[in-house]
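**Q** Below are the sequence and a predicted model; questions follow.
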Amino acid sequence: MSLPGKILYHSWHRPFGAFRDLIAAGGAFEIQRTKRGSDEMEAAAAQLPLLSITIGTPLELHLLTGKRFWFQTTFCLWTFARQAGRPLAPTIYDDGSLATAHRETLARLFPATRFISQAESSAKLDQFLPVSKFPALRERWLNYPNIRKLIDPHLGNIGWKLVLDSDLLFFRRPDFLIDWIDHPSRPLHAVDCETSYGYSSVIINELADTRVPERINVGLTGLKSESLDWEKLEYWCRTLIDKERTSYYLEQALVAILLADKNCAIAPASDYVTKPVPPEACACKAVMHHYVANSKRWYFQYNWRTASLIRR
């Protein structure tokens, strides 16, 4: 960035962006309430009661988490199990920061939990994605944790896997997801509130060699591990970064390109809501909320409490 550009960024764009975010979050008072609600949610996660669900084949779910998000992961799984009425067999990919106490809480609530350490994930990288051949993916794995949701569950594995973000809450029985887990036959994804790929449609469509569908969201992503072409993903990753720099939405862009020509199972947007806004953000009539961006206000202040009380 040129010197005039830096001056403009720091004197105008950055302060304006911070002010815009402050307004979107409801102002300073609401930000404080949201932080307090987050702290209370974390304390509550450690005290969640064990669900007496023993009938049915355990549902396999995959999540990446660590010390910043463990309590969100816990509520995501707990509300999923409570509404599904089925035991869970989660696989938790540790980002390297998960404490013993966090593991103990998750293992207490979900005894079939399998933890994959960062060391185990790193060993698979060396085996299947050597840095000499996959430099872009390896660099992003180190410096961009989101891409681990794509790499860690699938690298060197086989079979279908449903990967969830942690900032989800379930308010009704997730029949669509249960049916997919029980009988997977095609990729699955959620619907975003808007198209957020972080890159121009020109380069996205060029890499996909077709028109990429709008609004693919990776909060729910079902893929068949052995179908992933890591050499293609390396090429797409490197090309996106080389041409238009890196982006927070890189993982979502890669999945969108990956699924562009696929017949997918698409989670109904009215039931699996990304970025809920009032009245739905308060009413919680949908099956699931995915709390991205400023919808976290409703998540931390109110809805983890609501999801703990609603019956199936």
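**A** That came through fine.
**Q** could you show me where the strands are in this protein, in order?
**A** Along the chain, the segments classed as strands by DSSP state E run 59-65, 88-94, 114-116, 160-164, 168-170, 188-191, 216-224, 265-266, 272-274, 288-290.
**Q** could you dump the ones you listed to JSON lines with mean neighbour count?
**A** Any C-beta I mention is one placed from the backbone N, CA and C, and that applies to glycine too. Output for those, formatted as JSON lines (neighbours: other CB atoms under 10 Å):
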{"stretch": "strand 59-65", "mean neighbour count": "22"}
{"stretch": "strand 88-94", "mean neighbour count": "21"}
{"stretch": "strand 114-116", "mean neighbour count": "15"}
{"stretch": "strand 160-164", "mean neighbour count": "21"}
{"stretch": "strand 168-170", "mean neighbour count": "26"}
{"stretch": "strand 188-191", "mean neighbour count": "23"}
{"stretch": "strand 216-224", "mean neighbour count": "23"}
{"stretch": "strand 265-266", "mean neighbour count": "18"}
{"stretch": "strand 272-274", "mean neighbour count": "24"}
{"stretch": "strand 288-290", "mean neighbour count": "27"}
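**Q** where does this structure dip in pLDDT?
**A** 1-27, 310-312 (pLDDT under 70).
**Q** Specify the helix with the largest residue count in it.
**A** Determined from DSSP state H, the single longest helix within the chain is helix 28-45.
**Q** What residues sit buried inside that one?
**A** Across helix 28-45, burial judged by 16 or more other CB atoms under 10 Å covers R33, T34, G37, S38, M41, E42, A45.
**Q** Dump those to TSV, plus distance to A81.
**A** Converted to TSV, the buried residues of helix 28-45 look like this (distance: CB to CB, whole Å):
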residue	distance to A81
R33	29
T34	26
G37	23
S38	22
M41	17
E42	19
A45	14
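**Q** Return the member of those residues nearest to E251.
**A** Closest approach between the buried residues of helix 28-45 and E251, by CB to CB: S38, at 23.6 Å.
**Q** What's the separation between that closest one and A44?
**A** Counting by CB to CB, to the nearest Å, the separation of S38 from A44 is 11 Å.
**Q** Any idea how far apart the tips of stretch 292-299 sit?
**A** 9 Å (CA to CA, to the nearest Å).
**Q** So which bits of that stretch are buried?
**A** Buried residues in stretch 292-299, counted by 16+ other CB under 10 Å: V292, N294, S295, K296, R297, W298, Y299.
**Q** Wait, N205 touches Y199, no?
**A** No. Look at N205 against Y199 with CB atoms under 8 Å: they stay out of range, at 10.2 Å.
**Q** Compare neighbour counts for these two and give me the winner.
**A** Y199 (22 against 14; other CB atoms under 10 Å).
**Q** Identify the residues contacting that one.
**A** L240, E244, S247, Y249, A253 (CB atoms under 8 Å, 6 or more residues apart in numbering).
**Q** G219 now?
**A** G219 makes contacts with L164, D165, D167, L168, A190, T274, H290, V292, as judged by CB under 8 Å, 6+ apart.
**Q** ok, so of those, who is nearest K262?
**A** Of the contacts of G219, the one sitting nearest to K262 (CB to CB) turns out to be A190, at 14.7 Å.
**Q** Beta-bridge partners for the closest one, please?
**A** In this entry, A190 is beta-bridged to N217, by DSSP bridges.
**Q** V218 versus that one, what's the distance?
**A** Counting by CB to CB, the separation of A190 from V218 is 7 Å.
**Q** Kindly report the same for A208.
**A** 16 Å.
**Q** and what of N143?
**A** Distance, N143 to V218, by CB to CB: 18 Å.
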